[in-house]
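# Let me see the structure of the following:
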Amino acid sequence: MDGVRSVPARREKGQKKMKCPYCNHPDTRVIDSRPADDGNSIRRRRSCDVCGKRFTTYEKVETIPLIIIKKDNNREQYSRNKIEAGVLRACYKRPVSADDIQKTIDCVETKIFSLEEKEIPSSTIGELVMEELKSLDEVAYVRFASVYREFKDVNTFMAEIKKILDK
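Numbers count the residues shown, from 1 in each chain. Presented below is the predicted three-dimensional model:
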């Protein structure tokens, strides 16, 4: 099997088995397991003995729901997708790889959860995103900052650009 050793899956009593996404056979086996690139999950290669197909799964630690306090004091559940949408919008048509974008989002998320708070203001998340974008791509940073900080005129925009140029 190409030098890959099969790892028997250990199951706790009553634990569900991993179904094959191709043939829906109720049991598959783990053929390789290693930390994922984000450092916060385990990447597992699995194989189905019935159809022979292989697939990848990721195992993450279940986290306590994080509540985000919006500007208007409304509260909503944390969503990685919102950070991803903002970063993607800021990096649109910029020479930034999809891998670098995901690493940036992973880094922001790691910082958020390392705060170990149950509730976090959206402003904290915005600042963390800007901090990461500043080192990733300065144009993406200014784009994000212009929306996040609600630049009202060209002077505000120019002041932010001047900060970057003066560094």
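# quick one, domains of the chain?
The chain breaks down into these domains under automatic domain parsing: 1-61, 67-165.
# Go through those and pick out the most buried.
Highest mean neighbour count of the domains of the chain: domain 67-165, a mean of 15 (counted as mean count of other C-beta atoms under 10 Å). All C-beta atoms are positioned from the backbone trio N, CA, C, and that covers glycine.
# where do the helices sit along the protein?
Counting by DSSP state H, the chain has helices at residues 80-90, 98-114, 122-136, 138-148, 154-165.
# Using PDB, write out every CA atom in the fourth one.
Below are the C-alpha coordinates for helix 138-148, written out as PDB (Å, rounded to 0.1, in the frame of the first residue of the first chain):
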ATOM      1  CA  GLU A 138      -0.900  46.500   2.400                       C
ATOM      2  CA  VAL A 139      -3.500  47.200  -0.300                       C
ATOM      3  CA  ALA A 140      -5.800  44.500   1.200                       C
ATOM      4  CA  TYR A 141      -5.100  46.000   4.600                       C
ATOM      5  CA  VAL A 142      -6.300  49.500   3.400                       C
ATOM      6  CA  ARG A 143      -9.300  48.000   1.700                       C
ATOM      7  CA  PHE A 144     -10.400  46.200   4.900                       C
ATOM      8  CA  ALA A 145      -9.600  49.200   7.100                       C
ATOM      9  CA  SER A 146     -11.700  51.500   4.800                       C
ATOM     10  CA  VAL A 147     -14.800  49.300   5.400                       C
ATOM     11  CA  TYR A 148     -14.100  48.400   9.000                       C
END
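# what's the angle between that helix and helix 80-90?
Here the directions of helix 138-148 and helix 80-90 differ by 120 degrees (axes from the mean of the first three to the mean of the last three C-alpha atoms, to 10 degrees).
# ditto for the longest one
In this structure, helix 98-114 runs at an angle of 140 degrees to helix 80-90, with the same axes, to 10 degrees as the basis.
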